[in-house]
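**Student:** compute the structure for the input listed below.
(one chain, ligands or ions: 1)
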Amino acid sequence: MTEAYLVEAVRTPVGRRGGGLAGVHPADLGAHVLTALMDRSDVDPAAIDDVIFGCVDAIGPQAGNIARTSWLAAGLPDAVPGVTVDRQCGSSQQALHFAAQAVMSGTADLVVAGGVQNMSAIPISAAMLAGRAYGFDDPFRGSTGWQRRYGDQEISQFRAAELIAAKWSLSRPEMEVYALSSHQKATAALAQGRFARETVPLGSCTTDEGPRPTTTLAAMAALPTLTPGGTVTAALASQISDGAAALLVASAQALHTHGLRPRARIHHLSVRADDPVYMLTGPIPATAHALRRSGLTIDDIDLIEINEAFVPVVLAWQRETGADPARVNIHGGAVALGHPLGATGARLMTTLLHALEDTGGRYGLQTMCEGGGTANVTIIERL
Ligand SMILES: CC(C)(COP(=O)(O)OP(=O)(O)OC[C@H]1O[C@@H](n2cnc3c(N)ncnc32)[C@H](O)[C@@H]1OP(=O)(O)O)[C@@H](O)C(=O)NCCC(=O)NCCS
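**Tutor:** Take a look at the predicted model:
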């Protein structure tokens, strides 16, 4: 098997809903990071074998294979193909897996992986709700097989977050302490310029717009819960955001041919799944599987990026894995920085790579919960 290497990683700043990226067409968001990726790696774009992008709610301007549209909108060679994948919130982490697997299999040498999402333009769940015009309330109702297995119960990330908080006995104050730390870490990272190398400003969006430097435990405690009688509030959820990110994956042969410097090696990649009703617990079995398969322990991992879809997801995972909180989301997560669904997988990997370089760490692990109960895990070794 051929090794797969990470050569370059870039992202836009993450824009708030209605913020600096809201008016940017998703193809132009994608084109922006693709252009930066090609410029920074100084590779001949014609040598790219494929462009794999994650995107959720691929309707309207995100429909019709946004990977391909973004590449063409960037003015890059039309002989290079593109494909869009949907593994829900983990879509661009899956894009990276497919890119790395293509290289590992020896069928490709240079592959771009990334993702894009403009949630200001196309609201979350727009694709699911679009079916209503055709008589489908959601993706599940009307399937006899689904009905037989899961009945009519609500399938949603909001219910899942509450189920997890209840199962792991996570109190609202405990979750708010975590959320506050996410904002504090992201604010500090911005102040210290930790994201400067990885971000490519776009128009008026020059910095991550999500962090709330002035938020307090008291302000969070005053917010209403998202569901009556629940514990999860807007402050304990990932933010609605806009953004894009892209990664360049190369084989050893491509490193040699194109004179590229490998920055990390893909040490392990896998994907597992858990109960779709609990939906967001996938990272727990997925992390256990990845560590078992790779022969590493959680303490061998220097830095971890786990997506903060909701605070209870991270706290339940932390309890089950015993991960040292000091190594987890060291620059904050989606609670503060936002979660542009299809882009977040590549955004997290971009941040993980740069953070490993800044801290001198060796192994980095990324995992994300995903609609349907799935979860990807990627372990990289910094070189
Ligand atoms: C949770 C969610 C519904 C909240 O949406 P929203 O109500 O439009 O969110 P807002 O950012 O406007 O926040 C609501 C209020 O809480 C306040 N708030 C949010 N976070 C806060 C914080 N950390 N501190 C203080 N106040 C905060 C906002 O200021 C706002 O107050 P206002 O109404 O007085 O302006 C939305 O962010 C969401 O859907 N998140 C999850 C996305 C998702 O499911 N992704 C996939 C993961 S599985």
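**Student:** can we go C-alpha only for contacts and neighbour counts from here?
**Tutor:** Will do.
**Student:** low-confidence regions, the stretch 101-250 of the chain specifically.
**Tutor:** Nowhere does the stretch 101-250 of the chain drop to pLDDT under 70.
**Student:** quick one: name the residues of it near the ligand.
**Tutor:** With the criterion set to Cα under 6 Å from any ligand atom, the stretch 101-250 of the chain comes near the ligand through 157, 215, 219-220, 234-235, 237-240.
**Student:** any quick PyMOL command for the buried ones out of these?
**Tutor:** To isolate the buried members of these in PyMOL, using 16 or more other Cα atoms under 10 Å:
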select buried, resi 157+220+235+237+238+239+240
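**Student:** the residue in the stretch 51-200 of the chain that the ligand sits nearest to and residue 263: what is the separation?
**Tutor:** Closest residue of the stretch 51-200 of the chain to the ligand, Cα to the nearest ligand atom: residue 157 (5.0 Å). Using Cα to Cα, to the nearest Å, we find residue 157 at a distance of 35 Å from residue 263.
**Student:** just residue 34 next, same as before
**Tutor:** 18 Å.
**Student:** the two: who's more crowded?
**Tutor:** residue 34 (33 against 17; other Cα atoms under 10 Å).
**Student:** what values do phi and psi take at that one?
**Tutor:** Torsion angles at residue 34 (phi, psi; degrees, to the nearest 10) stand at phi -70, psi -40.
**Student:** and the helix or strand residue 289 falls within, what does it pack against?
**Tutor:** Assigned by DSSP states H and E, residue 289 falls within helix 283-294. When contacts are defined as 3 or more Cα pairs under 8 Å, 6 or more residues apart in numbering; DSSP states H and E, helix 283-294 sits against strand 264-273, helix 311-321, strand 363-369, strand 374-382.
**Student:** specify the angle between the first one and strand 363-369 in degrees.
**Tutor:** I take that to be strand 264-273. 30 degrees (axes from the mean of the first three to the mean of the last three Cα atoms, to 10 degrees).
**Student:** distance from the chain centre to strand 264-273, please.
**Tutor:** Averaging C-alpha positions (Cα atoms, centre = their mean, to the nearest Å) puts strand 264-273 14 Å from its chain's average.
**Student:** equivalent analysis for stretch 196-216, please.
**Tutor:** Using Cα atoms, centre = their mean, the offset of stretch 196-216 from its chain centre is 17 Å.
**Student:** one more: stretch 5-21?
**Tutor:** 11 Å.
**Student:** oh, and call the first residue 659 from now on, that's how I've got it
**Tutor:** Understood, numbering begins at 659; the last thing we discussed is stretch 663-679.
**Student:** any residue of it up close to the ligand?
**Tutor:** No - shown here: stretch 663-679 not in contact with the ligand (Cα under 6 Å from any ligand atom), separated by at least 8.2 Å.
**Student:** pull out the buried residues from that stretch.
**Tutor:** Those buried within stretch 663-679 under the rule 16+ other Cα under 10 Å are 663-675, 677-679.
**Student:** ditto for stretch 733-752
**Tutor:** Neighbour-count burial for stretch 733-752 [16+ other Cα under 10 Å]: 734, 738-752.
**Student:** show me what the closest residue to residue 987 other than its chain neighbours is bridged to.
**Tutor:** Distances taken as Cα to Cα, 6 or more residues apart in numbering place residue 963 nearest to residue 987, at 5.0 Å, with adjacent residues excluded. Residue 963 forms beta bridges with residue 1024, as assigned by DSSP bridges.
**Student:** wait, doesn't residue 963 sit right on residue 1008?
**Tutor:** No - under the criterion of Cα atoms under 8 Å, residue 963 is not in contact with residue 1008, lying 10.3 Å apart.
**Student:** and the helices in this structure?
**Tutor:** Along the chain, the stretches classed as helices by DSSP state H are 684-699, 724-731, 749-762, 784-788, 802-808, 815-825, 830-849, 875-879, 910-916, 941-952, 969-979, 992-995, 999-1017.
**Student:** close to the ligand: what parts of the stretch 909-1041 of the chain are there?
**Tutor:** Close to the ligand, as judged by Cα under 6 Å from any ligand atom, the stretch 909-1041 of the chain has residues residue 967.
**Student:** check the stretch 909-1041 of the chain for the residue nearest the ligand and tell me.
**Tutor:** residue 967 (4.3 Å).
**Student:** how much space separates that residue from residue 906?
**Tutor:** 25 Å.
**Student:** for residue 875, same thing?
**Tutor:** 40 Å.
**Student:** which one's more surrounded, the two?
**Tutor:** Per other Cα under 10 Å, whichever of residue 875 and residue 906 has more neighbours is residue 906, with 26 against 14.
**Student:** quick one: contacts for that one?
**Tutor:** Listed by Cα atoms under 8 Å, 6 or more residues apart in numbering, the contact partners of residue 906 are 664-667, 695, 768-771.
**Student:** taking those residues one by one, which sit in strands?
**Tutor:** 664-667, 768-771 (DSSP state E).
**Student:** now for those residues: which two are most distant?
**Tutor:** The distance between the two most remote of the ones in strands among the contacts of residue 906 (Cα to Cα) is 13.7 Å, for 667 and 768.
**Student:** hmm, residue 992 is touching residue 966, no?
**Tutor:** Yes - using Cα under 8 Å, residue 992 makes contact with residue 966 at a distance of 4.9 Å.
**Student:** rewinding a little: what's the farthest-apart pair in the contacts of residue 906?
**Tutor:** 667 and 768 (13.7 Å).
**Student:** buried ones in stretch 923-941?
**Tutor:** For stretch 923-941, by 16+ other Cα under 10 Å, it's 923-932, 934-941.
**Student:** between the two ends of that stretch, how far is it?
**Tutor:** Criterion Cα to Cα; first-to-last residue distance in stretch 923-941 is 22 Å.
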